[in-house]
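> below are the sequence and a predicted model for it; my questions follow.
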Amino acid sequence: MKVIDLTHTISEDMPVFPGDPAPVFKPASSYDADGFRETLLTLGTHTGTHVDAPAHLFADQTTLDQLPVEHFIGKALVIDCRDVQEGQPISLERVHAADEKVRQADFLLFNLGWDKYWKTPAYFGNYPCLDDEVLDFVLAGNYKGIGFDVMGLDPIEDDNLPRHKKLFRQHDIINIENLKNLDLCGNDLFWFSCFPLKIANADGSPVRAVAWFEESE
């Protein structure tokens, strides 16, 4: 079995969404004083590679812990968007280019090649975002989630979050942000998981996102 880690490492010097708290690591116990090491970790629920729940935007919508565990695992397909220019929309034509496999997937993961900018100022740049037709297509399907190798579903400077609102207003679907290594996943369906921490009333959670491929005999 081939396994690919799609997750950025959580560290104190990692990029976070503007205004969000940076992770803080503090020693809670030490080898010398206690005979073991334990760390007090402080971080936001939308730190690093993470999932958004519908409750991220709407108080009466579903939290992560209310979703069944099978919602976070299934077949995924990467949509290659690396040639879409900065600030340009990701169109439905791009999705349709993947053929019938698009309709067989549980998750659509959009590869903008943006993970190469991780820990640089360019990561906060004007990355491409989905246009309304793509969101309509996703919401008309039976998808468990969509994902990206960028900071957000909406542009960083758009405080109104129209794409988040459209995605979450009436649907139990998750949004995965800050993925990496999507270029290693090929152009066919593969197994994918993004299990969140089981946090009460969770609006979001860091995840360990993983792709794996069953080798043919």
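Noted; the coordinates are in hand. Everything numeric in this text was worked out from a predicted model, so none of it was measured.

> C-alpha from now on. contacts and neighbour counts both.
Noted.

> centroid-nearest residue for this protein?
Centroid-nearest residue in the chain: Ile176, 1.8 Å away (criterion: C-alpha atoms, centre = their mean).

> got the contact list for that one?
Ile176 makes contacts with 49-52, 145-148, as judged by C-alpha atoms under 8 Å, 6 or more residues apart in numbering.

> where in the protein is pLDDT low?
216-217 (pLDDT under 70).

> can you give me how far the top helix by length along it is from the chain middle?
What stands out as the longest helix in the chain, according to DSSP state H, is helix 132-140. The chain centroid and the centroid of helix 132-140 are separated by 17 Å under C-alpha atoms, centre = their mean, to the nearest Å.

> give me the residues contacting it.
The contact list for helix 132-140 (C-alpha under 8 Å, 6+ apart) reads 90-92, 95, 163, 166-167, 171.

> now with 7 Å?
91-92 (C-alpha atoms under 7 Å, 6 or more residues apart in numbering).

> who touches the longest strand along the chain?
Identified as the longest strand of the chain according to DSSP state E is strand 73-80. Strand 73-80 is contacted by residues 95, 102, 105-112, 182, 187-194 when judged by C-alpha under 7 Å, 6+ apart.

> and the contacts of the first helix or strand past it going along the chain?
Counting by DSSP states H and E, the element after strand 73-80 in chain order, helix or strand, is strand 89-90. Applying C-alpha under 7 Å, 6+ apart, the contact partners of strand 89-90 are 128-131.

> quick check, nearest of these to Glu215?
Leu130 (32.7 Å; C-alpha to C-alpha).

> count the neighbours of the residue nearest to the closest one when sequence neighbours are not counted for me.
Among residues not flanking Leu130 along the chain, Ile90 sits closest, at 4.7 Å (C-alpha to C-alpha, 6 or more residues apart in numbering). Using other C-alpha atoms under 10 Å, Ile90 has 21 other residues around it.
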